[in-house]
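# Turn this into a structure:
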Amino acid sequence: MNTDKTSTTLSGFILEEEASLSLAELCVICQAPAELIIRLIDFGVISPAEGKNSRQWRFHRGTLIRADKALRLKRDLGVNLAGAALALELLDEISELRQKLKQQTNS
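All right, here's what the predicted structure looks like:
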């Protein structure tokens, strides 16, 4: 009888609901260099919630999710950042349309 057991270790970050992240923290969590995160900002994929320069930037928690999606599109599918920005914009639009449709059918 084979009793080999495999185990998987997961790691992650726990964020408070209203947490905001610095550029450095966003880089660590996304496992991406600051230059890549700044390029996401340049392409309009994400934007800082506050701060006038990169040392003062603060990002909302939702930005982490969006940045992660863009980075996965780039890494897993080879999509360039302009393509990732377009894909996320279209996904947002689809989500909004579904929400409107759901509201109309519930009325």
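
# rest of the way, CA atoms for contacts and neighbours
Will do.

# Which elements pack onto the longest helix seen in the chain?
Looking across the chain with DSSP state H, the single longest helix is helix 81-106. Packing partners of helix 81-106 (3 or more Cα pairs under 8 Å, 6 or more residues apart in numbering; DSSP states H and E): helix 61-77.

# which residues touch the helix it packs on?
15, 17-21, 26, 30, 37, 40, 45-47, 79-81, 84-85, 88 (Cα atoms under 8 Å, 6 or more residues apart in numbering).

# which other helices and strands contact the strand or helix carrying residue 26?
Using DSSP states H and E, residue 26 falls within helix 23-30. Helix 23-30 sits against helix 34-42, helix 61-77, with contacts defined as 3+ Cα pairs under 8 Å, 6+ apart.

# Turn these into CSV, columns for mean neighbour count and distance to residue 54.
Converted to CSV, these look like this (neighbours: other Cα atoms under 10 Å; distance: least, Cα to Cα, whole Å):
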stretch, mean neighbour count, distance to residue 54
helix 34-42, 16, 8
helix 61-77, 17, 15
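
# Good, we can wrap up now.
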